[in-house]
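Undergrad: show me the folded form of this:
(one chain, ligands or ions: 1)
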Amino acid sequence: MLGRNLVSFDRRQLLSGAATLAAGGLIGGSAAIAKAPMLGTLAPAFYRFKLGTMEATVISDGPLNFPDAGKIFLRAPDADIRKLLADELLPTDAVRMEQNILVLNTGDKLVMFDTGLYSMKPNPSLPSGRILKSLGEAGIKPEDIDAIVLTHPHIDHAGGIMSEDGKTRLFPNAQIYTTEADFNFWQNEKLIGTPAESSRNTVLKNIVPNKDRLVMVKDGQEIIPGIQAIASNGHTVGHTSYMISSGGKSLCFTGDIAHHSILLRRPKMAITFDTDGDMASASRIRMCDMLSSQKIPALIFHLPWPGIGNIVKDGEGFRFVPVPLHPV
Ligand SMILES: [Zn+2]
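TA: Here you go, the predicted structure:
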């Protein structure tokens, strides 16, 4: 198409810069003419780096999109929520969140933190649910995963443990780490008919069939050498973050202590998915105080890809400062 349009201009027209492809509907005005076709392909959805002696790979399950910011952020007037988003030059209506999964090779074990939505996505046409594709792009085989460590069992974190039909274990050699509090809470029949029902279904489909290989995590416990659990309850009753340490370096896989940068800026706000908004906010502030004062980088599940950055104290809240990525 592009080539056919190009040949319709003579050499003098092209050199004068006056030629346009407007007639072909490709480019308006006197834009430069590309000689190569546009590719439309994206980079594979993984990012790899070293953490001390460990190898870390962030993979994406794809984005979550929410059409109305006013319906998900709580405890601030609607106008304030829109202004916070506008201040970050983001759309003030639709909100996009990433799903940044961490796969950590400790040298001894291959550990995956959270799994994304996978088959639990409410609409099959969504671009999320790509965990297996992303793992493949990153060269990681599902059967090599030794441990799946869950921050909490919400639909977007625990949806990728079992196959679409719920019959096959996607990671047949992995033990699954969760908390007793979350495991019990999310099976409660009282959740039926509430917005939390989808996460109950997630637990029934993905965790209950794995009772024989569950490990119940306790606050402060070193669950695997170099990986310590830190209770950060509130978003769910058993919500847990994980501090990873190797060779003098640390990284905190925080889970959902903040779903968006505006919750860091206004940490007393809440999100509609919190089981206990007060406790979630207190945990957010406590974790951010700790990470910012100790200058420990965080990997935040829902922040812009790949979600790795430092948390810096700023006025009444915090700022997220992404760490520079190294493509080579
Ligand atoms: Zn989440």
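
Undergrad: give me the element Leu204 is part of.
TA: Per DSSP states H and E, Leu204 falls inside helix 197-206.

Undergrad: summarise which helices and strands that helix is packed against.
TA: When contacts are defined as 3 or more CB pairs under 8 Å, 6 or more residues apart in numbering; DSSP states H and E, helix 197-206 sits against helix 155-158. Where you see a C-beta, it was placed from the backbone N, CA and C, and this is true even at glycine.

Undergrad: which is the next helix or strand following the helix it packs on?
TA: Next in sequence after helix 155-158, counting helices and strands by DSSP H and E, comes strand 175-178.

Undergrad: pLDDT (mean, whole number) over that following strand?
TA: What strand 175-178 shows for mean pLDDT is 98.

Undergrad: what do you get for stretch 146-165?
TA: 98.

Undergrad: now it: buried residues?
TA: 146-162 (16 or more other CB atoms under 10 Å).

Undergrad: repeat that for stretch 119-137.
TA: Ser119, Met120, Lys121, Ser128, Gly129, Arg130, Ile131, Leu132, Ser134, Leu135.

Undergrad: most centrally placed residue in this protein?
TA: Gln99 (2.3 Å; CA atoms, centre = their mean).

Undergrad: near the ion, which residues of the chain?
TA: Counting by CB under 5 Å from the ion, the chain comes close to the ion at Asp156, Asp256.

Undergrad: His239 against Asp219, yeah?
TA: No. His239 is beyond contact range of Asp219, at 11.0 Å (criterion: CB atoms under 8 Å).

Undergrad: now do the shared contacts for those two.
TA: Counting by CB atoms under 8 Å, 6 or more residues apart in numbering, the residues touching both His239 and Asp219 are Ala231.

Undergrad: so for the two, which sits in the more crowded spot?
TA: A direct count of neighbours by other CB atoms under 10 Å for His239 and Asp219 places His239 higher, at 29 against 13.

Undergrad: for the closest residue to that one other than its chain neighbours, give me its contacts.
TA: The spatial neighbour of His239 that comes closest, neighbours along the chain excluded (CB to CB, 6 or more residues apart in numbering), is His152 at 4.5 Å. With contacts defined as CB under 8 Å, 6+ apart, His152 is in contact with Ala158, Thr178, Thr179, Asp182, His235, Thr236, Gly238, His239, Thr240, Gly255, Asp256.
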